[in-house]
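# Dropping the sequence and predicted coords here.
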Amino acid sequence: MNHVIKALVKNKARAGLKAGTEAASSAAKHVHPPKAPKPKTPKPKAPKATAPTPPPKPKKPPVSLQQEQLDIKTDNRQKVEAARRNGQVFVPESQGERLIKRQEEISKVGLGFDKAKESIDDIRLSNPGKTTDQLKKESPQFKTSMRVLEGAQAELSSIESNVLPFTPDDPKAFPRSLKAAKELKDADVARNGKRGETHIHHMLPKGMTSSYFERMDKFIEEGLATNKELVQMAEIAKSMKLRTGDAKSNLKVIAADPHNGKLNGIHRAMEYAGNGQAAEISKQALQKQLRKVKSPKELMKVWKEWLETDGRYLKDTAEIWEDLDKLIKEIQST
């Protein structure tokens, strides 16, 4: 019985296996592997229209003094000059603008100086042997020309010494009509009370500083130096707290007597520096000395030596001169 059942199972299994094989074979005939998609060839795109690349902008050359002069508009310059003249508004300026302004002022005032000097020379030639005092009495034109010459000389000394730009903390305080000059006077009144005539004194004498700067101007004119050296001279003085020209820090209000007095005037006293040598000499005498300086390098050396010695002495003495004069007078009166 068992062997019959085994035989039936075996036959059924064989039949199922055969049927499954035939079905699988039939299915295999109708099943195809998927076709690989055809690669899409991208259509060539027309290049987009682009604007041509502009050439690189050329680098701006360093701004020269001449270029700065061209960049300053006329209408703005007029406003600036008006503000500076009335001294009511501080108008900042660049180093380039300061040098331009300085050169313009030298040319303008120098023209008046040259005309006055020419007039004086002509009168002297026409009156040989006569002294300056005689000519002043006899010739109104000579007297007027001398006054113009002296005024232009003093003004030129200020202008030539004003190399660095003025600042709100250290504005231009000379001549006396400027706002900063009036502030100096008011401070003096607050400290000393109202008194008689006073003078605004340049502690570092403008006639002397201008002579040094003028010599460097000459080297620049000859092509041996540039404005860089000129500015460097002024910067060296400033670094030593010896500001040149009409800056407020170089000015002090001094009463007329100890300023101009024949016996106690500071200018007279500064003709001697304790060792019998002049600490302050005339502009003409210093110009003559500086003509012996033959190079910008040598001039820079001489300038530094003067600042460290006579320049320092003149500034420090001016700071205490009036107080010293008062003390001497008090001692003499006791």
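Perfect, thanks for sending it.

# What degree of burial does K115 show, as a neighbour count?
For K115, the count of nearby residues is 14 (other Cβ atoms under 10 Å). For glycine as for every other residue, the C-beta is placed from the backbone atoms N, C-alpha and C.

# Regarding it, which helix or strand does it belong to?
Element membership of K115, judged by DSSP states H and E, is helix 95-126.

# Tell me which helix or strand comes right after that helix.
Taking DSSP H and E, what comes next after helix 95-126 is helix 132-138.

# re earlier: what residues of the helix holding K115 count as buried?
Residues of helix 95-126 classed as buried: 95-102, 105-106, 109, 113, 116-117, 119-120, 123 (neighbour count, 16 or more other Cβ atoms under 10 Å).

# Next one, pLDDT for E319 please.
Note for E319: predicted pLDDT of 94.

# Can you give me the distance of it to D114?
36 Å (Cβ to Cβ, to the nearest Å).

# P296 now?
With distances taken as Cβ to Cβ, P296 is found 26 Å from D114.

# ok, the residue nearest to N162 when sequence neighbours are not counted to Q134 distance?
Spatial nearest neighbour of N162, excluding adjacent residues (Cβ to Cβ, 6 or more residues apart in numbering): G245 at 4.0 Å. Noted for G245: a distance of 36 Å to Q134, by Cβ to Cβ.

# Which one's more surrounded, those two?
Counting neighbours by other Cβ under 10 Å for G245 and for Q134 shows that G245 has the greater number, 26 against 12.

# I'd say that one and P165 touch.
No - in this structure, G245 is not within contact of P165 by Cβ atoms under 8 Å, at 11.0 Å.

# Where does pLDDT dip in the protein?
Scanning the chain for pLDDT under 70 picks out 1-90, 263, 272-277.

# could you check the distance from L307 over to R243?
Taking Cβ to Cβ, one finds L307 at 11 Å from R243.

# what touches both of these two?
Shared contacts of L307 and R243, defined by Cβ atoms under 8 Å, 6 or more residues apart in numbering, comprise A237.

# Tell me who's in contact with the residue lying closest to E183 once chain neighbours are set aside.
In this structure, E183 finds its nearest non-sequential neighbour in A173, 7.5 Å apart by Cβ to Cβ, 6+ apart. Taking Cβ under 8 Å, 6+ apart, we find A173 in contact with 180-181, 183-184, 200, 246-248, 251.

# Now, of those residues, which are buried?
Among the contacts of A173, those classed as buried by 16+ other Cβ under 10 Å are 180-181, 184, 200, 246-248, 251.

# Pick out whichever of those residues sits closest to R191.
L184 (10.8 Å; Cβ to Cβ).

# The chain: helices as residue ranges?
2-30, 65-71, 74-86, 95-126, 132-138, 140-161, 179-192, 206-221, 227-239, 256-260, 266-269, 283-290, 296-306, 312-333 (DSSP state H).

# Would you mind pulling up the elements that the shortest one packs against?
Judged by 3 or more Cβ pairs under 8 Å, 6 or more residues apart in numbering; DSSP states H and E, helix 266-269 is in contact with helix 256-260, helix 312-333.

# Show me which residues of it are buried.
266, 269.

# ok, and what's touching that helix?
By Cβ under 8 Å, 6+ apart, the residues outside helix 266-269 that reach it are 201, 254, 258-262, 280, 317-318, 321.

# can I get those in TSV with neighbour count?
TSV is the format used below for these (neighbours: other Cβ atoms under 10 Å):
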residue	neighbour count
H201	20
I254	21
P258	22
H259	23
N260	16
G261	15
K262	7
E280	20
T317	17
A318	21
W321	22
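
# Which of these sits closest to A225?
Taking those together and measuring to A225 by Cβ to Cβ, the closest member is E280, at 26.3 Å.

# what sits against that closest one?
205, 208, 267, 270-271, 310, 314.

# could you list every residue that touches the residue nearest in space to the middle of the chain?
In the chain, the C-alpha nearest the mean C-alpha coordinate belongs to Q95, at 2.7 Å (Cα atoms, centre = their mean). Neighbouring residues of Q95 by Cβ under 8 Å, 6+ apart: 164-165, 231.

# if you set the cut-off to 6 Å instead, what comes out?
P165 (Cβ atoms under 6 Å, 6 or more residues apart in numbering).

# Could you do L286 as well?
The contact partners of L286, by Cβ under 6 Å, 6+ apart, come to 208, 211.

# Could you measure from it over to I266?
Between L286 and I266 the computed distance is 18 Å (Cβ to Cβ).

# do Q289 as well
Noted for Q289: a distance of 22 Å to I266, by Cβ to Cβ.

# ditto for K294
With Cβ to Cβ as the criterion, K294 and I266 are 33 Å apart.

# likewise E305?
Applying Cβ to Cβ to E305 and I266 gives a distance of 23 Å.

# And L314, by the same measure?
From L314 to I266 the distance is 9 Å (Cβ to Cβ).

# how long is stretch 164-171 end to end?
Start and end residues of stretch 164-171 are separated by 11 Å (Cα to Cα, to the nearest Å).

# hmm, who's touching that stretch?
Residues contacting stretch 164-171 (Cβ under 6 Å, 6+ apart): 90, 93, 95, 98, 172, 180, 234, 247-249.
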